[in-house]
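> sequence-free structure coming up:
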Ligand SMILES: O=P(O)(O)OC[C@H]1O[C@H](OP(=O)(O)OP(=O)(O)O)[C@H](O)[C@@H]1O
Ligand SMILES: Nc1nc2[nH]cnc2c(=O)[nH]1
Ligand SMILES: [Mg+2]
């Protein structure tokens, strides 16, 4: 169970995806992108725009039910990417690295890149943007909504 949470805003995610794209430029050109659904799809769309890449394949791996980890289950394979040659795999993050490892086995010649990496998954990546502590759960913009917080001085806010 995570001991803390890190919230990523849309702005931050966009900046981090652009930074990943600028690093990927020197590893390309790429024939296409393989997005790991669902979390990799928005980062992949931003990177595809920056790299002027229009061939996007997906691979669907179901590993987590909310914060609970289970056995990874591949429900769609990345047929169009062959053995991965000329492709870059994009995900939002690596945590244990189980999802990344499974996809790398399917696409051994692809480059693997993600926005955020926890220490256990970091060695499986070729590229990532920000390292996150292992016990922190990353909250993505699609997981969250702005919430009203009462002022400290209000009767219902602040100290109990
Ligand atoms: O390194 P791991 O421990 O395998 O965890 C990382 C994976 O977990 C999350 O996906 P999730 O399975 O929650 O599915 P989603 O992308 O559809 O939300 C995240 O998007 C990564 O794909
Ligand atoms: N949203 C989210 N999904 C995950 N899947 C595995 N680790 C994480 C995490 O830190 N945040
Ligand atoms: Mg995912």
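Right, received. Where do you want to start? Just so we're clear, the structure is a prediction, and the values are computed from it rather than from any experiment. Numbers count the residues shown, from 1 in each chain. Ligands and ions are numbered 1, 2, ... in the order given.

> How about the contacts made by the closest residue to residue 102 other than its chain neighbours?
Of all residues not flanking residue 102 in the chain, residue 72 sits nearest, at 5.3 Å (C-beta to C-beta, 6 or more residues apart in numbering). Every C-beta, even on glycine, is put in place using the N, C-alpha and C of the backbone. By C-beta atoms under 8 Å, 6 or more residues apart in numbering, the contact list for residue 72 reads 61-63, 98-99, 102.

> how does it look with 6 Å?
Residue 72 makes contact with 61, 63, 98-99, 102, according to C-beta atoms under 6 Å, 6 or more residues apart in numbering.

> So which residues on this protein come close to ligand 2?
64, 93, 95, 137-138, 140, 143 (C-beta under 6 Å from any ligand atom).

> at 5 Å what do you get?
64, 95, 137-138 (C-beta under 5 Å from any ligand atom).

> on that earlier part again, quick one: the contacts of residue 72 as CSV, columns for neighbour count too.
Below are the contacts of residue 72 laid out as CSV (neighbours: other C-beta atoms under 10 Å):
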residue, neighbour count
61, 22
63, 16
98, 19
99, 26
102, 16
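
> Go through these and name the one nearest residue 76.
Ranked by distance to residue 76 (C-beta to C-beta), the contacts of residue 72 are led by residue 61 at 8.7 Å.

> Now name the helix or strand holding the closest one.
strand 56-65 (DSSP states H and E).

> Tell me the secondary structure at the residue nearest to the spatial centre of the chain.
Centroid-nearest residue in the chain, with C-alpha atoms, centre = their mean: residue 92, separated by 0.6 Å. At residue 92 the chain is in strand, as set by DSSP: H, G, I helix; E, B strand; the rest coil.

> Would you enumerate the residues in contact with it?
Each residue near residue 92 by C-beta under 6 Å, 6+ apart is listed here: 39-40, 43, 115.

> How about residue 97?
By C-beta under 6 Å, 6+ apart, the residues touching residue 97 are 120-121, 124.

> Just grab the bridge partners of the closest residue to residue 104 other than its chain neighbours for me.
Distance criterion C-beta to C-beta, 6+ apart; nearest residue to residue 104, sequence neighbours excluded, is residue 112 at 5.9 Å. Residue 112 has these beta-bridge partners by DSSP bridges: residue 89.

> Next, the contact list for residue 112, please.
Taking C-beta under 6 Å, 6+ apart, one finds 89, 100, 104, 125-126 in contact with residue 112.
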